[in-house]
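> Sequence first, then the predicted structure:
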Amino acid sequence: MLMRLQHIEPLPQLKGIVNKMWLFESSGRAPAEDMKMIVPNGMAKLTIPFRNGVSGKNKDYFHLSKESQITLIGVQDIPAIVDLEHDAPHGNIGIEFSPLGTYRLFQLRQSELKNKLFLLEEVMGKSARAIQEMIADTELIDRKIQLIQNYLVRLLPKSKPDLILDYCIGRIENSKGLVTMRDLEIKTGYSSRWLYEKSIDKVGISPKTYPQ
């Protein structure tokens, strides 16, 4: 089976919002002995299967994304298995968001999305349906990538940054996770419990489990 993974450089406007983007293509389904286990890394993702559908399942959840359906994958802390809908050529655009990007783009309670997968239109409404249709209607892969990035850029002004949360995320990332909750309490003036609850609500994970 042939496979190709290509890194995509996000638009400058998405710096700090998108952690990474990629294009994955294969000639068919991987052999059963090569199970496609996804190890959780604490980051939400979008997946756009533009050729052949893709499924994802964990110990208590299953979701099938048909061809051209944009899927939002909430923050995961348990492993998941992905597979193709059909044993046929497959193409998929993937986007991984930083903790900051997760709450800025998707103004949702991230704790409700944790370890689950949803069609983007189920959580973002008609704007997601519209961009999904536009992506499905174009054959050019580069154009599909351009459309989804432009959509994400348009979402940014619709939300206001949470300066306290942004500060905590920045301190944790810059210190490689070594900053203590006590340090964050002193610098922000808020209790560790308040910071924890804010993080769970907006990012889906606690400050001390942010990916580094």
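Happy to help now that I have it.
> hey, let's count contacts and neighbours off CA atoms from now on
Fine.
> so Leu5 is in which element?
Taking DSSP states H and E as the definition, Leu5 sits inside strand 3-8.
> for that strand, the distance to its chain's centre please.
Centroid separation for strand 3-8 versus its chain: 17 Å, with CA atoms, centre = their mean, to the nearest Å.
> Mind exporting the C-alpha coordinates of the next helix or strand after it to CSV?
Sequence-wise, the next helix or strand downstream of strand 3-8 (DSSP H and E) is strand 18-26. Extracted C-alpha coordinates of strand 18-26, given in CSV (Å, rounded to 0.1, in the frame of the first residue of the first chain):
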residue,chain,number,x,y,z
VAL,A,18,-2.9,26.0,14.6
ASN,A,19,-0.2,23.7,15.9
LYS,A,20,0.2,21.8,12.7
MET,A,21,-1.5,20.9,9.4
TRP,A,22,-1.0,18.0,7.1
LEU,A,23,-2.3,16.2,4.0
PHE,A,24,-2.4,12.4,4.1
GLU,A,25,-3.1,10.2,1.1
SER,A,26,-3.1,6.4,0.7
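> Check which residues of stretch 72-91 are buried.
Residues of stretch 72-91 classed as buried: 72-76, 80, 82-85, 89-91 (neighbour count, 16 or more other CA atoms under 10 Å).
> With respect to Gly28, which of these is nearest?
Pro89 (4.6 Å; CA to CA).
> residues touching that closest one, list them.
By CA atoms under 8 Å, 6 or more residues apart in numbering, the contact set of Pro89 is 25-29, 51-52.
> Narrow the buried residues of stretch 72-91 to those in strands?
Among the buried residues of stretch 72-91, DSSP state E puts 72-73, 80, 82-84, 90-91 in strands.
> so where's this structure shaky on pLDDT?
Along the chain, segments meeting pLDDT under 70 span 31-37, 39-40, 208-212.
> For the longest helix anywhere in it, which helices and strands make contact with it?
Ordering each helix of the chain by length in residues (DSSP state H) puts helix 141-155 first. Other elements packing on helix 141-155 under the criterion 3 or more CA pairs under 8 Å, 6 or more residues apart in numbering; DSSP states H and E are helix 126-137.
> Which strands or helices does the helix it packs on pack on?
Other helices and strands packing on helix 126-137, by 3+ CA pairs under 8 Å, 6+ apart, are helix 120-124, helix 141-155.
> for it, the distance to its chain's centre please.
With CA atoms, centre = their mean, you get 18 Å for helix 126-137.
> what comes up buried for that helix?
Buried residues in helix 126-137, counting neighbours by 16+ other CA under 10 Å, are found at 128-129, 131-132, 135-136.
> quick one, what contacts the nearest residue to Arg129 once chain neighbours are set aside?
Distances taken as CA to CA, 6 or more residues apart in numbering place Glu121 nearest to Arg129, at 5.4 Å, with adjacent residues excluded. Neighbour list for Glu121: 70, 127-129 [criterion: CA under 8 Å, 6+ apart].
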